[in-house]
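Visitor: give me a 3D structure for the following:
(one chain, ligands or ions: 1)
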Amino acid sequence: MKIPFVDLKAQTAALRPELERELAAVLGDCEFILGSRVRAFEAGFAAYCGRRFAVAVNSGTAALHLALLAHAIGPGDEVISVSHTFAATAAAILYTGATPVLVDVDPATLNLDPERLEQALTGRTRAILPVHLYGRPAAMAPIMDFARRHGLAVIEDACQAHGAELGGVRVPVSGTGCFSFYPSKNLGACGEGGCLVTDSEEVAARAAALRDHGQTEKYRHQYLGFNYRMPAFQGAVLKVKLPHLEAWTLARREHARRYLEGLAGLDLLRPEDPAGARHVFHLFVVRHPERDRLQADLSGQGIATGLHYPIPVHLQPAFAGRVRPAGPLAVTEAAARQVLSLPMYPELTVEQVDFVCAAMRAALSGHG
Ligand SMILES: Cc1ncc(COP(=O)(O)O)c(C=O)c1O
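Guide: Modelled structure (predicted):
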């Protein structure tokens, strides 16, 4: 059996007639940029997240950039975030001219450790940007409490966490968060896409202007903006896919449950399915000290895996000297050496999950 890490073909094939109809309609009316389809998707996605406004853009990175700008983050400011994330989290902070101040992650969750916030705080701190990595919500209650006490904005990087919940409330629980619709995400476009979701009318209005060259009306440029507009083709695709997101999320959670059962008892750190939260398992990430050997062994058995992420942001050449670690990032650096992402997508079959579990068992028992 050959098992890919992600399989976009199955989902695309299942929805193909409906996708072709919607894409043909765009070709018919030639409303190519933003427009009625993107507006309809924005309304649907805001409702899905339980928030008032959604501003669709052309990537998750753009959504993060605009969310920071809409909160007036800029040069001289500091934003607290994590190093154990995709580079775009820190890049978006740098695009504003602010400095990412990176704290270590909690060893149990691999998300921002709220205990580390105090050591990162300076007179220049303006915001906290926690990441709901792998689809597991970060510990938002202590993060929001810290932000309230120090007058900081909170912007959630929910690029991997569509539909994740804390205490029955969907992210972004703080009110403002950013999503990616990169094709392999839990909700994926057929190309690039992203969205900022917020309860703040002011943030939504500013982000909507900033995505469209800062225009508040045609050819009136209130701000120095960007071309971050979502193309209508992607809005049309996302509108077709959104009603399926819940079923896909439940399928991911069921695969995770089966993985957790199938991998029980192995000498391996398994991800938790936390009580009181809904982890949406964008990625199913195990940890093992001999990660590279394990990955090669699985590959030999026909199983593709991923590494999220093998080099922390603060050790990347592009970020050296630009980000400030707030203290030792030992948990982050250990995680980078140990994480291994197993195949995860809604269309995985029970047989495939069981095959991966058996392959892991063989790989681990073969080498004690
Ligand atoms: C945690 C995280 N933040 C930000 C991004 C950036 O999203 P995009 O690739 O859509 O720009 C991603 C997606 O890859 C991500 O996983």
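Visitor: quick check: phi and psi on Ser81?
Guide: Dihedral pair for Ser81: phi -150, psi -160, per degrees, to the nearest 10.
Visitor: distance of it relative to Val323?
Guide: Remark: distance between Ser81 and Val323 (C-beta to C-beta, to the nearest Å) = 9 Å. Bear in mind the C-beta positions are built from the backbone N, C-alpha and C, glycine included.
Visitor: who touches both of those two?
Guide: Common contact partners of Ser81 and Val323 (C-beta atoms under 8 Å, 6 or more residues apart in numbering): 90, 100-102.
Visitor: by neighbours, which of those residues wins?
Guide: Compared across these, Leu102 has the highest neighbour count, 30 neighbours, by other C-beta atoms under 10 Å.
Visitor: looking at this, it is in a helix?
Guide: No - going by DSSP: H, G, I helix; E, B strand; the rest coil, the assignment for Leu102 is strand, not a helix.
Visitor: give me the pLDDT value at it.
Guide: What the model reports as pLDDT for Leu102 is 98.
Visitor: check contacts around it.
Guide: With contacts defined as C-beta under 8 Å, 6+ apart, the neighbours of Leu102 are 80-83, 90, 313-314, 323-326, 329, 332.
Visitor: need the residues of the stretch 51-200 of the chain near the ligand, please.
Guide: Contact residues, the stretch 51-200 of the chain versus the ligand (C-beta under 6 Å from any ligand atom): 59-61, 85-86, 88-89, 131, 157, 159-160, 180, 182, 194.
Visitor: show me what residue of the stretch 51-200 of the chain gets nearest to the ligand.
Guide: Residue nearest to the ligand within the stretch 51-200 of the chain (C-beta to the nearest ligand atom): Gly60, separated by 2.6 Å.
Visitor: check whether that residue really touches Cys159, as I assumed.
Guide: Yes - between Gly60 and Cys159 there is a contact under C-beta atoms under 8 Å: 4.1 Å.
Visitor: now do the shared contacts for the two.
Guide: The contact sets of Gly60 and Cys159 overlap at 88, 178-180, 182, 185, 194 (C-beta under 8 Å, 6+ apart).
Visitor: and His279, how far from the ligand?
Guide: Distance, His279 to the ligand, by C-beta to the nearest ligand atom, to the nearest Å: 15 Å.
Visitor: pLDDT score for that residue?
Guide: Value for His279, per-residue pLDDT: 98.
Visitor: and His314, by the same measure?
Guide: pLDDT at His314 comes out at 98.
Visitor: follow-up on the earlier one: can you list the residues of the stretch 51-200 of the chain next to the ligand in JSON lines and add distance to Glu272, neighbour count and secondary structure?
Guide: Shown next, in JSON lines, are those (distance: C-beta to C-beta, whole Å; neighbours: other C-beta atoms under 10 Å; DSSP: H, G, I helix; E, B strand; the rest coil):
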{"residue": "Ser59", "distance to Glu272": "30", "neighbour count": "23", "secondary structure": "coil"}
{"residue": "Gly60", "distance to Glu272": "25", "neighbour count": "27", "secondary structure": "helix"}
{"residue": "Thr61", "distance to Glu272": "28", "neighbour count": "23", "secondary structure": "helix"}
{"residue": "Thr85", "distance to Glu272": "19", "neighbour count": "26", "secondary structure": "coil"}
{"residue": "Phe86", "distance to Glu272": "21", "neighbour count": "19", "secondary structure": "coil"}
{"residue": "Ala88", "distance to Glu272": "25", "neighbour count": "23", "secondary structure": "helix"}
{"residue": "Thr89", "distance to Glu272": "22", "neighbour count": "26", "secondary structure": "helix"}
{"residue": "Val131", "distance to Glu272": "17", "neighbour count": "25", "secondary structure": "strand"}
{"residue": "Asp157", "distance to Glu272": "20", "neighbour count": "30", "secondary structure": "strand"}
{"residue": "Cys159", "distance to Glu272": "21", "neighbour count": "30", "secondary structure": "coil"}
{"residue": "Gln160", "distance to Glu272": "16", "neighbour count": "25", "secondary structure": "coil"}
{"residue": "Ser180", "distance to Glu272": "23", "neighbour count": "30", "secondary structure": "strand"}
{"residue": "Tyr182", "distance to Glu272": "25", "neighbour count": "20", "secondary structure": "coil"}
{"residue": "Gly194", "distance to Glu272": "28", "neighbour count": "29", "secondary structure": "strand"}
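Visitor: wait, what's in contact with Val240?
Guide: 15, 18-19, 22.
Visitor: gap between Gly194 and Gly44?
Guide: On the measure of C-beta to C-beta, Gly194 and Gly44 end up 15 Å apart.
Visitor: apologies, that question was intended for Ile93.
Guide: 29 Å.
Visitor: the two: which is more packed in?
Guide: Just comparing Ile93 and Gly44: by other C-beta under 10 Å the higher neighbour count belongs to Ile93, 28 against 16.
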